[in-house]
Each structure stands twice: as structure tokens, then as C-alpha cells.
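[1] structure of the sequence below:
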Amino acid sequence: MATTPVNLVHLSLAACLLAYVLFPDHCEGSTIGVCYGRNADDLPTPNKVAKLIQQHGIKYVRIYDANIEVLKAFANTGVELMIGVTNSDLLPFSQFQSNADTWLKNNILPYYPATKITFITVGAEVTEATSNVSAMVVPAMQNIFTSLKKVGLDKKIKVSTTHSLGVLSRSFPPSAGAFNSRYAFFLKPLLEFLADNQSPFMVDIYPYYAYRDSPSNISLDYALFQSSSDVVDPNTGLLYTNMLDAQIDALYFALMAINFRTIKVMVTETGWPSKGSPKEIAATPDNAETYNANLIRHVINDTGTPAKPGEELDVYIFSLFNENRKPGMDSERNWGLFYPDETSVYTLDFTGRSVIAAPSSGSNATNSSGTTWCIASSTASELDLQNALDWACGQGNVDCTEIQPSQPCYAPDTLISHASFAFNNYYQLNGATDLACSFGGTGIKVTKNPSYDNCIYATAGSINKTRSNMTAAPLASSSIMDTFTGWIPHFLLIASSLFYILLRC
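    Reported below is the predicted structural model:
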């Protein structure tokens, strides 16, 4: 922060790191993963894919089978794998324990723990399958769990199955969420298994389809995490700013309605296509980038959902590559983050550190009002950004309250995010001119609103132009009392950081 001496920033970070080191297994927070589908004939080899994933800092990957070449490729990478049992294998796995034992012996044990397998999905969206395989899922899950227990891996590798949102008969308002009674015979023993074994309820959720099929009833901005107004649940008064949260909460309310209150929801697929048929006008690279970038930021902020504030949420983005052999409309073959040649379909920061906006030159998402914002350049050095941030919050007379801990724009706690908010405030306060967005070359003008969650970026005329001298500049007195006073907020920051992490643990 601008008013924080560098040594104290390091001390605060060190305190947080210490707590993490002391409690490494309990403080992971929400996670973002990627689905690695292989329904294509032009994909790179698994070894190349593993390197690509590491290069982009992706730590969680879902595959849809237990392909040996893929398992070998991810050995010693540290990437956590979710592997799958296909629907076509459910019958033999459900019939005989020996089949599950043999599969585990041949497909898992030779590669574990070098390949870090953490989940096994038994069947995928079985309620959507053309063949009636729902009744086989739980017996197959139980047999695989028993196989894992025999070798002492039942606590390290969780067993579940994935669902489509069609498992619900009602999802709006979220508080009225209810499971389809047609699946009661299948869901009751399944949910009992999940609750008994602390396994998550896995679901594939696609706001894209909801918008595509009902654009007159659903706002595109609401689907893309960009809504400027809230959707209110009339039964609970909870406010929803995006569709994904509403759909997740519908599942939580459905679970609570039948007294399953401890099961965690995990999103095993979500995403947005970058290309579609002429009728699929929302399937564009810009919308895909916006959805996935906002999704990543939303998840890693650990904000949870309105019904589950602060609840950890694990989400997998579909999909790693465009898959040219998938049937259906054009969009089905264009969900990828990368082309088969390993180039990006659009830029995506998996850490959530970058500000979600495109430069005003050449942008396809220019707002109709002509409004512009100023954010920090992702190519600027940390030293230049820190100096510019210090200046903005000091001599620049910018109110930086909202990027302090516990404030709306504090998370993500990154230099580029904090600098972007401060840059924009200065820019709007000073006439939104090119000069006001210079910051020594570290600022760039954008036409896409970088606001997210409850962090609202100001526009010209919306920002308070008065600011007291107390907050205009960092404390500069050399007196003992002033020095002591300057330490207080940093001491509190360290203490609160440790307390927060220990509380989560």
C-alpha cells in the first residue's frame, strides 16, 4: 500500500506465510482448476500439456478417465488430478468388487503418489445419459471406495460423481431450490455416501446456456459477473450479483431442504465458449474472457456465495483446449482456453491478479456511453507500480481507503489490483485526461468497466473530490510518538492476518 513502508509489508506477509507454514493442510482457500478434455484429433501430447499447465500456474486439473499416458505426464508436477470412471464402465464396477480392485491396482497405484490424484468421479452427469445408468452409480462408488480403503487411500482420494444442473426441478429463486423427484431413488443413497465420507456434491454449471436459451429473461451482464444491479431472493432477501452464485445457492438450499447440511458443493465444469453458430451471438472471445476472468477473481477472493459467505469454493473451468470432435452446435467445439497449437484463445490470468479490462484501442467491448477508466498496466514493473501507487495515495490526494484490509477493493491483495483502483480514482478526479492516466507509463485507459463484486470503480462525476489532509499523505513525522502510531495499523494487520488464517484452520 502507498502508506505502508516496504519492510512492514514484508513483515505482514511473513506473518501470513508463517501461519500457512504452520498449518499447510488447512489454509488452502478456494481453488481454480481446468478440465482437460481430449475429444479431438489434433491435441498436443500429454507431456506437452503437462508443461503448458505448469507454465500457466494451473494447479488443479480434471480429466475424464484414467488414461495412463496422462497420469505419467503429470508425475512429479505437483498438479492435483481429478480422474474419472466413464459411464460405460459403471456396470462392471457396480457388479463386482474385484473389478474395482483390479482397476485401482492397474490404473492408480503404479502412478500414485508421484501423480497427485485427489478425486475420482464415478460416472458423469448420469441423469442426462441416454442409457439408464443412474442405479449403477452408488454401488460403483462404494466398490471404488472400498478398494481405496483396502490400501489406505480412502482419506486421501475422495470419491464422488458429477451432475448437471438438470438434477434440480427448480432453481429460482435460489431459496426455492429443489431436487427433481424423479431422481430420489438415486440421490438419497448418493447423498448419504457423500455425507458419510466428506465428499463434495459435484455439479457442472453453465450460465452461458441459461442466457443463450432465455436472453429476454436473463441479463448478459448478470451471467458475466458484471451486473450493476442486484437480483433479490424474495424469500431470504439475499442479493445476487451473478448467476453462478444463484445457481450454486439453489443447490445448497436443495440440499438443506432434505437435511443434508454438511455437504460441500464443488463446480466441476463451468465456462463460456469463444465462438458459436450465427444464432449464438453471445459466444465471443470477449465474453469468454470476461466470464472466466471474473470467475477466477470471484473464486480466489474467497467471498463465497450470498447463502454461504466465506465458504470455500472449488471450480474447474471447461475446457483446456478447443475439441474438434465434439458433436453439436459450433460452440461445443470452442470452449477452450487454448488452441491445439498451445497458443491462447484469449489472455487469462489464473492467479486473478490482473484487472479485467481490455485496452481501449481495438476493444470490441466499448461501452455505449463513452466512459473510460484508468488501470495499471500488466507490463509495468513492480517497482514502478509501487512508486506510482505511493504517489497517487500520497501527493496525488487519492482516497485509498477502499483498498485497505476489510474494504471492498482490498481483495485480491495484489499490487496491480490496488494500483488500478488508485489510478482510476486519480484519473476521474482530474478530468479523465490522457495525462491523468500516465503515471510514468504505468497506467492505461480502458473502455471496459473493471468493477467487480462490491468493488466499484469510479467514473467522472461519481467520485468525491474532497479529501482531508490526514489521508492525503503518509505520516512523515520523525517523532517517537508518530513512529509508534505508524506501527499500530501494521501490527494490527499482522495480528488480524494470523487470526484470520488460524480461524479458517
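
[2] let me know the helix or strand that the closest residue to Leu389 other than its chain neighbours is in.
    Closest residue to Leu389 apart from its sequence neighbours, by C-beta to C-beta, 6 or more residues apart in numbering: Ala419 at 4.5 Å. Glycine gets a C-beta too; all of them are placed from N, C-alpha and C. In this structure, Ala419 sits in helix 415-429 according to DSSP states H and E.

[3] what is that helix packed up against?
    strand 373-376, helix 382-393, strand 443-446 (3 or more C-beta pairs under 8 Å, 6 or more residues apart in numbering; DSSP states H and E).

[4] pLDDT on that helix, on average?
    Across helix 415-429, the average pLDDT comes to 91.

[5] keeping just the C-alphas, turn it into PDB.
    Taking Å, rounded to 0.1, in the frame of the first residue of the first chain, the C-alpha atoms of helix 415-429 are listed here in PDB:
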ATOM      1  CA  LEU A 415      -0.100  -4.600  -6.300                       C
ATOM      2  CA  ILE A 416      -1.600  -4.300  -9.800                       C
ATOM      3  CA  SER A 417      -5.200  -4.500  -8.400                       C
ATOM      4  CA  HIS A 418      -4.600  -1.900  -5.700                       C
ATOM      5  CA  ALA A 419      -2.700   0.400  -8.200                       C
ATOM      6  CA  SER A 420      -5.500   0.100 -10.700                       C
ATOM      7  CA  PHE A 421      -8.100   1.300  -8.200                       C
ATOM      8  CA  ALA A 422      -6.000   4.200  -7.100                       C
ATOM      9  CA  PHE A 423      -5.000   5.200 -10.600                       C
ATOM     10  CA  ASN A 424      -8.600   5.300 -11.700                       C
ATOM     11  CA  ASN A 425      -9.700   7.500  -8.700                       C
ATOM     12  CA  TYR A 426      -6.900  10.000  -9.600                       C
ATOM     13  CA  TYR A 427      -7.900   9.800 -13.300                       C
ATOM     14  CA  GLN A 428     -11.500  10.600 -12.600                       C
ATOM     15  CA  LEU A 429     -10.700  13.300 -10.100                       C
END
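
[6] and the angle for that helix with helix 382-393?
    If you take axes from the mean of the first three to the mean of the last three C-alpha atoms, to 10 degrees, helix 415-429 sits at 40 degrees to helix 382-393.

[7] how close does Leu71 get to Ala40?
    19 Å (C-beta to C-beta, to the nearest Å).

[8] check Pro306 too.
    Counting by C-beta to C-beta - Pro306 and Ala40 are separated by 38 Å.

[9] please enumerate the strands of this structure.
    31-35, 60-62, 80-85, 116-124, 158-164, 168-170, 178-179, 201-204, 231-232, 239-240, 265-270, 314-318, 373-376, 443-446 (DSSP state E).

[10] which of those sits most buried?
    strand 373-376 (a mean of 27; mean count of other C-beta atoms under 10 Å).

[11] which ones are touching Pro189?
    Val138 (C-beta atoms under 8 Å, 6 or more residues apart in numbering).

[12] confidence score at it?
    Taking Pro189 on its own, its pLDDT is 96.

[13] ok, Ala476 next?
    At Ala476, pLDDT is 33.

[14] if you count surrounding residues, which of Leu71 and Ala40 has more?
    Neighbour count, other C-beta atoms under 10 Å: between Leu71 and Ala40, Leu71 has more, with 22 against 16.

[15] quick one: residues contacting that one.
    Applying C-beta under 8 Å, 6+ apart, the residues near Leu71 are 81, 83, 107, 111, 115, 117.

[16] per-residue confidence at Arg353?
    Residue-level confidence at Arg353 comes out at 61, pLDDT.

[17] all numbers from here: first residue = 203
    Okay, using 203 as the starting number, the last item reads as Arg555.

[18] separation between Val547 and Ala594?
    34 Å.

[19] I meant Gly354, not that one.
    55 Å.

[20] same check, this time on Trp537
    39 Å.

[21] what about the closest residue to Asn627 other than its chain neighbours, how many neighbours?
    Once flanking residues are discounted, Asn627 sits nearest to Val600: 4.6 Å by C-beta to C-beta, 6+ apart. For Val600, the neighbour count with other C-beta under 10 Å is 27.

[22] surely Val600 touches Ala594?
    Yes: contact criterion C-beta atoms under 8 Å: Val600 and Ala594 qualify, at 4.7 Å.

[23] need the overlap of contacts for the two.
    Residues touching both Val600 and Ala594 by C-beta under 8 Å, 6+ apart: 624, 627-628.

[24] quick revisit: dump the strands of the chain into JSON lines; add distance to Asn503 as well.
    Putting those into JSON lines (distance: least, C-beta to C-beta, whole Å) gives the following:
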{"stretch": "strand 233-237", "distance to Asn503": "11"}
{"stretch": "strand 262-264", "distance to Asn503": "17"}
{"stretch": "strand 282-287", "distance to Asn503": "21"}
{"stretch": "strand 318-326", "distance to Asn503": "23"}
{"stretch": "strand 360-366", "distance to Asn503": "25"}
{"stretch": "strand 370-372", "distance to Asn503": "26"}
{"stretch": "strand 380-381", "distance to Asn503": "29"}
{"stretch": "strand 403-406", "distance to Asn503": "21"}
{"stretch": "strand 433-434", "distance to Asn503": "20"}
{"stretch": "strand 441-442", "distance to Asn503": "16"}
{"stretch": "strand 467-472", "distance to Asn503": "15"}
{"stretch": "strand 516-520", "distance to Asn503": "12"}
{"stretch": "strand 575-578", "distance to Asn503": "18"}
{"stretch": "strand 645-648", "distance to Asn503": "21"}
